[in-house]
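Participant: 3D model of this:
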Amino acid sequence: MTTTTLAVLVPLLPFLGAVAGLLLGRTAPGFVRPLAVLPVLASLALAVSVAVDQGGGLAIDSHTELTPTGSVPIELGLHIDGFAALVAVLVGVVATCVQIYSTGYLRDDPRYPSYAALVSLFTSAMLLVVYSGDLMVLLVGWEIMGICSYFLVGHYWETPEARAASLKAFLVTKLGDVPFLIGLFALATDAGSFRITTVLGAVASGGLHHPTLVALLLLAGVAGKSALFPLHTWLPDAMAGPTPVSALIHAATMVAAGIYFVARLLPVFQASAAAMVVLAVMAGVTMVGSGLAALAQDDIKRVLAYSTIGQLGYMAGALAVGDRGAAVFHLLAHGAFKALLFLAAGVIIHASGTNSLAVMSRMKDLRLRVPDAFWTMTVALLALAAIPPFSGFFSKEAVLGAAEHVATGHTEHAPGAAGWIVLVTGLVTAVLTAAYATRLWLLAFRGHGAEAPDHGRQPVTMTAVLWVLAIPSLAFGLAFGPLPDWFDGRDLTPVLTTSVLGTGLALVGGIVTYGAWRHTTASASRVPLGAVAAHPDADAGHVEAEVIAAHEPAFGDVARASDPADPGRLLLGPLHRHAAAGFHLDTVYSVLFARPVQAGATLVRFLDREVVDTYVRGAGALPRWLGTAVRRAQTGNVQTYVSALLAGTVVLVVAALLVATGA
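Facilitator: Residues are numbered from 1 along each chain as shown. The predicted structure is shown next:
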């Protein structure tokens, strides 16, 4: 088969697996797990084959017109360059690991067939975005991912948290998608085509008439999809869904789509210096704000969620300084270690019966219960903190190095202001990232108190994929040498200045956090674990809310007693309360948008009920009264009719006489 045929099958196989899984989920449940894993695994194998054939050389282009439009054509096209080939492999690896992991994690879930089918559809949509050569076809995959995220985040729809989170994810991303769609139409109108290569050619020839407006409209959609400030608030709440879904969304789909889109169309954004500075500001605020928020979270999954937001800020920062090679390099490295972090967190939640780091910190020897999760999560956290030689060091250093080149004027791919914004906020975030990574590791694995509860051994399908993902988390960064051949040819070799600064600041963040933990642990009261109910945010499909022992104190008491031992509280001081609440951005949005809309809806309801309905009721009352009067006059009595006729005749005669007399 040709490379083009193989590329078509890459998104098609998971789609067919999703359809088959939905059709056979109830009638043939024995086929559900093979249909969940095998199509995605086959898609991964084909994606690897396509990447080998592409080889980092010239892009593979193929297209055919879908239907005559009479104006701007819409084509079913493929555009596979080095970026697309490698990102597709990442999507395949993470999706396969998530499907295998889910066979154990959700083995007793009655809704597993629909869950597995939606994960396959989610994967197919992301692969369509990656390989698409036409913006409208890309938009189809973009929107399918949005509806899949709605259903998957709300998988545990019995809980109000999951229902609210799914609605929030859908509405916030749609808020960005409206200007995004307008931007796509404006871009295609200027270029005369939705085909990506034609659009980029038009940009290169100066055919884009309103570059700043188009770029800002597109950035609104990217901010929603990739959880960048100010539309990032849906991502932490999305942790109400199953943990494997979190791994998929955070590592390889949904949030990666926005970054990939900007990388694919970077010349469009580079055509406007103002848009690049706006993107740099969005990236900087996203990085620093999410780092502070992660340091204050108690739920282990919310820590990782804010971590994802921060790493997306790094990727957006690389794009803001015009280096899509560094952005996609970090996207690939982050995909591996973030998937590992979430899947390892799922094992820890299963073993401890809680999402709460405060409760885990009161469990002794939790790491002995989950040795696979302990060692692999340690690797992933080191990669997240950008400690050499783990993959995160090389990819994050590529971002900082690119920002330093722009800030010091060594390259003109972006405004110098964008370079300084990304460089300074990136270095500050390096400290914060190492701090919250160290805090998570200490609270989860170095707890003191009662023995950790024994919830049984985790299935091998859950632990095996952790070691698979640990390999790229450890070694992928060493690919910085050959990767430029797959990208734009930009050198990704670490720069000495930013390497020393970034690593030094990360070590400072980790050491200071460790010191704060030692101080708070020594001063905290020793409260026994006791009977700790499973955290209410724990995955309802896999961790039952049960009492670990039979006496007080309950979960809330333990959490409150454990708070003083949290190094994040000491490090953040009075800022801790605000950071834990995401700096109250949800409250701001509620005041600015939700409440005015609700007030408007209340006014409309009042006008409809009290004004419009009153008018309608009044308009119907008059004919009804007239009908009643006429109906009462129709008695059927002949004497009454004759009497009325005579009376009327008399009245008419009298009236005529009066008129004649008057005349």
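
Participant: can you list contacts of the helix or strand containing residue 49?
Facilitator: Assigned by DSSP states H and E, residue 49 falls within helix 32-54. Helix 32-54 is contacted from outside by 3, 6-7, 9-11, 13-14, 16-17, 20-21, 24-25, 60, 80-82, 85-86, 88-89, 91-93, 95-96, 99-100, 102-103, 112-113, 116-117, 119-120, 123, 127, using Cβ atoms under 8 Å, 6 or more residues apart in numbering. Where you see a C-beta, it was placed from the backbone N, CA and C, and this is true even at glycine.

Participant: can you give me the helices in the stretch 401-550 of the chain?
Facilitator: 416-445, 460-475, 496-523 (DSSP state H, counting those that start in this stretch).

Participant: turn these into CSV, including mean neighbour count and mean pLDDT.
Facilitator: What follows is these, written out as CSV (neighbours: other Cβ atoms under 10 Å; pLDDT from 0 to 100):
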stretch, mean neighbour count, mean pLDDT
helix 416-445, 25, 96
helix 460-475, 20, 94
helix 496-523, 18, 93
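
Participant: of all these, which lies closest to residue 623?
Facilitator: helix 416-445 (70.3 Å; Cβ to Cβ).

Participant: which other helices and strands does that closest one contact?
Facilitator: Using 3 or more Cβ pairs under 8 Å, 6 or more residues apart in numbering; DSSP states H and E as the contact test, the elements touching helix 416-445 are helix 273-294, helix 300-320, helix 357-360, helix 366-369, helix 371-384, helix 391-407, helix 496-523, helix 567-572.

Participant: hang on, the earlier thing: in the helix holding residue 49, what counts as buried?
Facilitator: For helix 32-54, a neighbour-count test (16 or more other Cβ atoms under 10 Å) marks 32-33, 35-37, 39-44, 46-51, 53-54 as buried.

Participant: cool, stretch 197-204 as well?
Facilitator: 198, 199, 200, 202, 203.

Participant: so which of these belong to helices?
Facilitator: Members of the buried residues of stretch 197-204 lying in helices (criterion: DSSP state H): 198, 199, 200, 202, 203.

Participant: check these and tell me the two furthest apart.
Facilitator: Within these, 198 and 203 form the most distant pair, 9.9 Å apart (Cβ to Cβ).

Participant: which residues do those two both contact?
Facilitator: residue 191.

Participant: so is residue 228 in a helix, a strand, or just coil?
Facilitator: Here residue 228 is coil, with the state taken from DSSP: H, G, I helix; E, B strand; the rest coil.

Participant: I meant residue 619, not that one.
Facilitator: The local conformation at residue 619, judged by three-state DSSP, is helix.

Participant: burial count for it?
Facilitator: Using other Cβ atoms under 10 Å, the number of residues around residue 619 comes to 9.

Participant: let me see the contact set for it.
Facilitator: By Cβ under 8 Å, 6+ apart, residue 619 has no neighbours at all.

Participant: of the helices and strands packed on helix 416-445, which is nearest residue 248?
Facilitator: helix 300-320 (11.9 Å).

Participant: residue 156 contacts residue 162, doesn't it?
Facilitator: Yes. Assessed by Cβ atoms under 8 Å, residue 156 is found in contact with residue 162 at 4.3 Å.

Participant: shared neighbours of the two, anything?
Facilitator: 240, 241.

Participant: excluding its backbone neighbours, what's nearest residue 398?
Facilitator: Among residues not flanking residue 398 along the chain, residue 326 sits closest, at 3.8 Å (Cβ to Cβ, 6 or more residues apart in numbering).

Participant: nope, residue 232 is what I meant
Facilitator: Nearest non-adjacent residue to residue 232 (Cβ to Cβ, 6+ apart): residue 309, at 5.1 Å.

Participant: now swap in residue 235 and tell me
Facilitator: residue 227 (4.1 Å).
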